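Colleague: please find the sequence and the predicted model below.
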Amino acid sequence: MNFVLEAGTISFASADSGNISFTKDHKNAPVVVLMSENTTNQNVNVHATSVTKTGATVKTSAIYTGNIHYQAISTY
């Protein structure tokens, strides 16, 4: 089985949502793994919505300032 894997970071500045545009050619909607970079002891949950072959929306459970790291993994 072959995989497409990409990783990146999205920055939030007092926001609770943001968008990722994938740079790799995913043949189908990937699984997206998210992790917040907690530098100010913020207690937030992050999740992806509206995942497509070309991007996703990242949402947080509260207003957040900082980086969120992502990995998008799909098969082809």
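Modeller: Arrived safely.

Colleague: can you pull the buried residues of the longest strand that the chain contains?
Modeller: When the chain is parsed with DSSP state E, its longest strand is strand 55-75. Neighbour counts over strand 55-75 (16 or more other C-beta atoms under 10 Å) mark Gly55, Ala56, Val58, Lys59, Thr60, Tyr64, Ile68, Tyr70, Ala72, Ser74 as buried. (C-beta placed from N, C-alpha, C; glycine too.)

Colleague: got a pLDDT number for Asn41?
Modeller: As predicted, Asn41 sits at a pLDDT of 66.

Colleague: what's the answer for Ser11, then?
Modeller: pLDDT, Ser11: 96.

Colleague: surely it is in contact with His69?
Modeller: No - using C-beta atoms under 8 Å, Ser11 makes no contact with His69, being 10.6 Å away.

Colleague: okay, and the common contacts of those two?
Modeller: Common neighbours of Ser11 and His69, using C-beta atoms under 8 Å, 6 or more residues apart in numbering, do not exist here.

Colleague: show me what the helix or strand His47 falls within packs onto, helices and strands only.
Modeller: Using DSSP states H and E, His47 falls within strand 46-49. Judged by 3 or more C-beta pairs under 8 Å, 6 or more residues apart in numbering; DSSP states H and E, the packing partners of strand 46-49 are strand 31-36, strand 55-75.
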